[in-house]
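Novice: show me the folded form of this:
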Amino acid sequence: MKKLSVSVLIASALTLNFIPVGALAAGNHHGEHGGTTIGSPGDPGQVSRTIEITMVDNRFRPSEIEVKQGETIRFVLKNTGKKKHEIMIGTREEIDKHGKMMKKFPDMEHPDEPNMITVDPGKTRELIWHFAEAGEVNFACPLPGHFKGMNFPGMKGTIKVEAK
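Specialist: Take a look at the predicted model:
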C-alpha cells in the first residue's frame with residue numbers, strides 16, 4: 001500500500017508539472033466569467049518600455065508598478081540576493097495556489113512559463129509581458145519561505161494597469 005501512495009504522489013507531482021501555467025495566465029477564460037485578463041506573453045519587437053525589478057532576499061524593488069493598458073513591458077529581473085528567486089505574474093488566486101503547491105513540493109523544478117521565471121543569485125533575466133486589460137495584476141515569488149500568500153508580508157507586489 002505504501003508503494004502505491006508514493007507512486008500516486010509522484011504521478012500527481014509529474015501531472016501538475018505538465019499543466020501549462022501560461023494557460024492560467026489568461027485568467028477566467030479571457031474575462032468570460034466576469035474577470036479581467038491579466039495579459040499574455042509579449043512580443044520582444046513590440047516592447048513599449050523596460051522596467052527593472054531588483055530581487056532582494058524576501059522583497060522586490062519596486063513592489064508597486066504602473067503601466068498603461070496595451071503596453072508591452074520588458075521586465076529586467078536582477079537577483080541581488082543570496083537565494084534563488086522566482087517571479088510569477090498572475091491573479092491573487094493563481095499565485096496563492098502555486099505557492100501552496102510549492103510548499104508541498106519545495107524541491108519541484110519546473111520549466112519557465114510565460115508568466116513565471118526563475119533567477120539564480122547574482123543573475124539577471126528578462127520577462128516580456130503584454131498588459132491587455134486595465135485593472136490590477138499581482139506578482140510574487142512563490143518559493144517556500146519567500147511567500148506566505150497574497151494576504152501576508154513577503155516577496156510580492158502589484159502592477160496597476162491604467163485604462164487607455
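
Novice: run a quick neighbour tally on the residue nearest to Val56 when sequence neighbours are not counted.
Specialist: Closest residue to Val56 apart from its sequence neighbours, by C-beta to C-beta, 6 or more residues apart in numbering: Gly81 at 5.2 Å. All C-beta spots, glycine's among them, are computed from the backbone N, C-alpha and C. Per other C-beta atoms under 10 Å, the neighbour tally for Gly81 reads 19.

Novice: repeat for Met55
Specialist: 26.

Novice: what is it paired to in the beta sheet?
Specialist: Note on Met55: beta-bridge partners Phe60, Asn79, judged by DSSP bridges.

Novice: related to what we said a few turns ago, can you report phi and psi for the residue nearest to Val56?
Specialist: Main-chain torsions, Gly81, degrees, to the nearest 10: phi -80, psi -180.

Novice: next one: the closest residue to Asp43 other than its chain neighbours from Gln46, what distance?
Specialist: Distances taken as C-beta to C-beta, 6+ apart place Thr72 nearest to Asp43, at 6.4 Å, with adjacent residues excluded. Note on Thr72: its distance to Gln46, by C-beta to C-beta, to the nearest Å, is 5 Å.

Novice: ok, those two, which is more surrounded?
Specialist: Set Thr72 next to Gln46 and count neighbours by other C-beta under 10 Å: Thr72 wins out with 21 against 11.

Novice: measure that one to Thr124 for me?
Specialist: 19 Å.

Novice: tell me where the protein has strands.
Specialist: 40-41, 49-56, 59-61, 64-68, 72-79, 85-90, 116-119, 124-130, 135-140, 156-162 (DSSP state E).

Novice: give the partner strands of the first one in its sheet and their orientations.
Specialist: Just to be clear, that refers to strand 40-41. Applying DSSP bridges, strand 40-41 is found paired with strand 124-130 (antiparallel).

Novice: what mean pLDDT does the partner strand have?
Specialist: Mean pLDDT, computed over strand 124-130, is 96.

Novice: which parts of it are buried?
Specialist: By neighbour count on 16 or more other C-beta atoms under 10 Å, the buried set for strand 124-130 is 125, 127-130.
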